[in-house]
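Visitor: Any chance you can model this:
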Amino acid sequence: MLACAVGAGLAGAASAAQQVKLGVQLSPERLGQGTTIEFSIQISAQGKLVPSPLSELDFRYPAKVGLLQSGLGRANCTAATLESLGKGGCPANALMGFGSALLEIQVGREVVREAGVLSIWMGPVAGEQLQLLFYASAATPASEQLVFGGLLEEAGPPYGGSLDTRIPPIPWNPEAPPASIVRFTARIGPRNVTYYRRAGAREIPYRPEGLRLPHSCPPGGFPFAGTFVFMDGTTATARTSVPCPR
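Guide: The predicted structure is shown next:
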């Protein structure tokens, strides 16, 4: 019943400067039940020490994945709060999940690597669309905290929705180009997430159910895809699927 099916993504078009691999896990994978979705990307560039910085990510997920019925995002946070107070300023019931990133910065002919961590929050409604906010922090050399958002939108078959995220330049120093993301993982769901409900004068902790899977699995499994836009103007696409549970 534990279902962690990892899909190997297809590389982008042969003419693209960047290549992307996409992987997805659903844990647990029980039809009609809540789950945590984890998607990861790996970015490389043939013939270059460091790929061009990623500027936009459009992640598409299957139809009938019930975010609104998930019990996640009972509260919301704002970008201004994250920028001024950090994640400690957001209500616990706005937390949607966690993630990580690996950055690379080219210094001459050398490459400096830096790991960062993410927390993902339910943001305010933007133009009648649900919005997720990503709070990213890293130590030296980047030593930056970034806040960027993604809009949840409808997507055409075989997908049901998409998370369209704009990623701002990640500065290092004024004389160097922005840092490049070479590995990125985002996990949306109840794993390691604690919410609180009020009972009289007490607040009782509980775990939200998670994104609800449909009661049936489409032929070929649950489809996922990503379109990636880079600062040098190139794009790449990747697709994968999670097999239906036995």
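Visitor: residue boundaries of the helices in this structure?
Guide: Secondary structure of the chain (DSSP state H): helices at 79-85.
Visitor: residue ranges with poor pLDDT in the protein?
Guide: 1-16, 68-69, 139-144 (pLDDT under 70).
Visitor: distance of the residue nearest the centre of it from Ile105?
Guide: The C-alpha lying nearest the average C-alpha coordinate of the chain belongs to Ala186 (Cα atoms, centre = their mean; 3.7 Å). In this view, Ala186 and Ile105 are 22 Å apart by Cβ to Cβ, to the nearest Å. Where C-beta positions appear, they are placed from N, C-alpha and C, glycine not excepted.
Visitor: What's the local residue count around Ala136?
Guide: 25 (other Cβ atoms under 10 Å).
Visitor: so where do the strands sit in this structure?
Guide: Ranges of strands in the chain, per DSSP state E, are 19-27, 34-44, 54-62, 95-107, 110-122, 131-138, 145-154, 159-166, 180-188, 195-199, 202-206, 211-212, 222-230, 235-242.
Visitor: which residue packs closest to Gly66, ignoring adjacent ones?
Guide: Closest residue in space to Gly66, ignoring its immediate chain neighbours: Arg212 at 3.7 Å, by Cβ to Cβ, 6 or more residues apart in numbering.
Visitor: and the one you found, what is it in contact with?
Guide: Arg212 makes contact with 32-35, 65-66, 69-70, according to Cβ atoms under 8 Å, 6 or more residues apart in numbering.
Visitor: Among the residues you listed, which one has the most neighbours?
Guide: With neighbours taken as other Cβ under 10 Å, the top of the contacts of Arg212 is Thr35, carrying 24 neighbours.
Visitor: what's the distance between that one and Gln145?
Guide: Distance from Thr35 to Gln145, by Cβ to Cβ: 30 Å.
Visitor: got it, and Met96?
Guide: Per Cβ to Cβ, Met96 is found 18 Å from Gln145.
Visitor: ok, the two, which is more surrounded?
Guide: Neighbour comparison, Met96 and Gln145: the larger count goes to Met96, with 25 against 14 (by other Cβ under 10 Å).
Visitor: Go ahead and confirm the more buried one touches Ile120.
Guide: Yes: with contact defined as Cβ atoms under 8 Å, Met96 and Ile120 form a contacting pair (4.4 Å).
Visitor: Bridged to Gly161, which residues?
Guide: With DSSP bridges applied, Gly161 shows beta-bridge pairing to Tyr61, Glu154.
Visitor: returning to that earlier point: what sits against the residue lying closest to the residue nearest to the centre of the chain once chain neighbours are set aside?
Guide: Leaving aside its chain neighbours, Ala186 sits nearest to Gly99 (4.0 Å; criterion: Cβ to Cβ, 6+ apart). Counting by Cβ under 8 Å, 6+ apart, Gly99 makes contact with 117-120, 134, 184-187.
Visitor: Any figure for the gap between the residue nearest to Arg198 when sequence neighbours are not counted and Asn76?
Guide: Excluding its sequence neighbours, the residue lying closest to Arg198 (Cβ to Cβ, 6+ apart) is Ile204, at 7.6 Å. With distances taken as Cβ to Cβ, Ile204 is found 21 Å from Asn76.
Visitor: These two: which is more packed in?
Guide: Neighbours per residue (other Cβ under 10 Å) separate Ile204 from Asn76, with Asn76 holding more: 19 against 10.
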